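Participant: structure of the sequence below:
(one chain, ligands or ions: 1)
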Amino acid sequence: MAHIIDGKKIAGSIKELLKQEVQSLKSQGLSPGLATLLVGNNPASQIYVKNKHRACQEVGIASFDYHLPEMASLEQVLAAVEELNRNEKVHAILVQLPLPSQVDSHRVLESILPQKDADGFHPYNLGRLLSAKDKKELTQKDSVIPLPCTPHGIMALLESTDQSISGKQAVVIGRSVIVGKPVAALLLAANATVTVAHSQTKNLEECCAQADILVAAIGKSKFVTASMVKPGAVVIDVGINRDGEGKIWGDVDFESVKEKAGWITPVPGGVGPMTIVMLLKNTVELARGYRRK
Ligand code: GUN
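Facilitator: All right, here's what the predicted structure looks like:
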């Protein structure tokens, strides 16, 4: 039976450290601030945004909640981002995705100042992530690269196991900009040999079964079954899939896979709490970067 990686607990201890850090920054006259911009009424997005504000409150980060209607135009969204770019109390801006179809998300993400990019989705920051040659370059204190929150959280979960990443075979299922592509870049920077699998991948089962580290970011309930998992592998489940009754399931069939894997993250209580805590961490680091300027 696999070790369960307790994301809630790991996130809790990072949160405690952040709380102290925020207190110390405040005593020096700097109050870190995060603004969220939600467009429309997507119920899942509303819950995510609410949770982000609650987490800010818990560690003492000031949070600003901006909401535009479902029918907002691209120009209205860009104007809201521009206002936040200029607001000195806001050190980090998060535009909740997905945006309604009339709003070009690339244009919006590119309009966020890279030095206020809470999610690390600005092409400049994604480019810096890709061009970093190793982990050290990614985490240099004097030139913060905000890392996408879920991938950053996944790396912290992997580092919490006693397994090294260097030289391991890692398979990421899913190629989104939010999870798949940046987590592949981070795994590569940590010297893993990385395969990114997706809906067009042939022999997916065989491919996954080679993985020492398997990251499932597909968006389909219980997609990863025991036959796709190498005995002893570290399995990270990024899925948040709601069934008809509102119950949440991961992308991994936890009950069968836990018998075969060496380590596994539960859903809920695995990746989810880490995503939020990394958003708080990015906010604090961006606020510090602001002070350095
Ligand atoms: N939608 C789903 N995940 C995320 C995320 O990490 N950041 C943003 N901005 N939107 C999301």
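
Participant: separation between Leu280 and His198?
Facilitator: Going from Leu280 to His198 by C-beta to C-beta, to the nearest Å gives 30 Å. C-beta here means a position set from N, CA and C on the backbone, and glycine is covered the same way.

Participant: ok, and the closest non-adjacent residue to whichever residue of the chain sits closest to the ligand?
Facilitator: Residue nearest to the ligand within the chain (C-beta to the nearest ligand atom): Leu97, separated by 3.7 Å. Once flanking residues are discounted, Leu97 sits nearest to Ser105: 6.3 Å by C-beta to C-beta, 6 or more residues apart in numbering.

Participant: quick one: the closest residue to Ala211 other than its chain neighbours from Asp162, how far?
Facilitator: Nearest residue to Ala211 in three dimensions, chain neighbours excluded: Val171, at 3.8 Å (C-beta to C-beta, 6+ apart). Taking C-beta to C-beta as the measure, Val171 falls 21 Å from Asp162.

Participant: which residues of this structure score low on pLDDT?
Facilitator: Along the chain, the model assigns pLDDT under 70 to residues 141, 292-293.

Participant: nearest the geometric middle of it, what residue?
Facilitator: Central residue of the chain (C-alpha atoms, centre = their mean): Thr150, 1.7 Å from the mean position.

Participant: you'd agree Val229 is up against Ala209?
Facilitator: Yes. Counting by C-beta atoms under 8 Å, Ala209 is a contact partner of Val229 at 6.7 Å.

Participant: of the two, which one has the most company?
Facilitator: Val229 (27 against 17; other C-beta atoms under 10 Å).

Participant: contacts only, for the more buried one.
Facilitator: With contacts taken as C-beta atoms under 8 Å, 6 or more residues apart in numbering, Val229 has the following neighbours: Cys208, Ala209, Ala211, Leu214, Val235, Val257, Lys260, Ala261.

Participant: could you grab the helix/strand/coil label for the residue nearest to the fourth one when sequence neighbours are not counted?
Facilitator: The shortest distance from Leu214 to any residue that is not its chain neighbour, by C-beta to C-beta, 6+ apart, is 5.0 Å, and that residue is Val235. Classification of Val235 using DSSP: H, G, I helix; E, B strand; the rest coil returns strand.

Participant: show me which residues of the stretch 1-150 of the chain sit near the ligand.
Facilitator: Leu94, Val95, Gln96, Leu97, Asp119, Cys149, Thr150 (C-beta under 6 Å from any ligand atom).

Participant: who touches stretch 171-180?
Facilitator: 97, 121, 126, 148, 150-151, 154, 181, 183-184, 187, 194-198, 204, 207-208, 210-211, 213-219, 223-224, 238, 251.

Participant: in helices, which of these appear?
Facilitator: Among these, the members found in helices (DSSP state H) are Leu126, Thr150, Pro151, Ile154, Lys181, Val183, Ala184, Leu187, Leu204, Cys207, Cys208.

Participant: rewinding a little: is the residue nearest to Leu214 bridged to anything, and to what?
Facilitator: Val235 has these beta-bridge partners by DSSP bridges: Leu214, Ile264.

Participant: ok so, going back, among the residues of the stretch 1-150 of the chain next to the ligand, name the buried ones.
Facilitator: Listed as buried from those are Leu94, Val95, Gln96, Leu97, Asp119, Cys149, Thr150; burial here means 16 or more other C-beta atoms under 10 Å.
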